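1. I need the structure of the sequence given here:
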Amino acid sequence: MNKKILSILAIVVIVAIVVVAIILLYKNRSTGPTGSDVKNEIAKEIYGLTATIKKIKGKILTLEAMIPPVDTQKSQVGATIKATVTDQTKIVKIIFPEDVAIDSKEPIYPEETILNFSDLKVGDEIDIGMTENVYEKIINQTEFDINTIYIIE
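-> Residues are numbered from 1 along each chain as shown. Below is the predicted model of the structure:
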């Protein structure tokens, strides 16, 4: 009888350990690289990013950005960042012509439309440019100013 109880108890403990290990492995995989992992993976000079606007609060955009990696053979690193739109930020919508002949030797000029801050909305996919290297600000999770925002259609 005692052996049976000890066997059942051992099985329960082993199952509990396996379940906890699986949960911890899944949690670590789903959060992606953080802290020093990100610092070691992303480019050391960052002047432009592709991002999706997740939240707009005042003049601060919360962005889900794709950060360029150090190793260009690897995928970009996803990160949530915050950036400030200033009065000097240029916001431009770029529309490429649809009726372009494939064999045309003529240059293709997109149509540019200047937008206002109020034209930005959650879900917009944007390309942003900065006049300063924002590597340290991304690592330290601090806000930075955006120089240009392009919405490409």
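
2. contacts, neighbours, all on C-alpha from now
-> Noted.

3. after the helix or strand encompassing residue 65, next one along is what?
-> Following DSSP states H and E, the helix or strand that holds residue 65 is strand 60-67. Using DSSP H and E, the next helix or strand after strand 60-67 towards the C-terminus is strand 77-95.

4. now the spatially most central residue of the chain: how far from residue 17?
-> Centroid check for the chain by Cα atoms, centre = their mean gives residue 65 as the closest residue, at 2.1 Å. As judged by Cα to Cα, to the nearest Å, residue 65 and residue 17 stand 36 Å apart.

5. swap in residue 138?
-> The gap separating residue 138 from residue 17 is 37 Å, by Cα to Cα.

6. The two: which has the busier surroundings?
-> It is residue 138, of residue 138 and residue 17, that has more neighbours when counted by other Cα atoms under 10 Å, with 21 against 11.

7. Spell out the residue ranges of the helices in the protein.
-> According to DSSP state H, the chain carries its helices in the segments 2-31, 36-41, 135-139.

8. Those: lowest mean pLDDT?
-> Comparing mean pLDDT across the helices of the chain, the lowest value falls on helix 36-41: a mean of 61.

9. I figured residue 81 hits residue 144, correct?
-> No: the pair residue 81 / residue 144 is not scored as a contact, 9.2 Å apart, by Cα atoms under 8 Å.

10. between those two, which one's more packed in?
-> Just comparing residue 81 and residue 144: by other Cα under 10 Å the higher neighbour count belongs to residue 81, 21 against 18.
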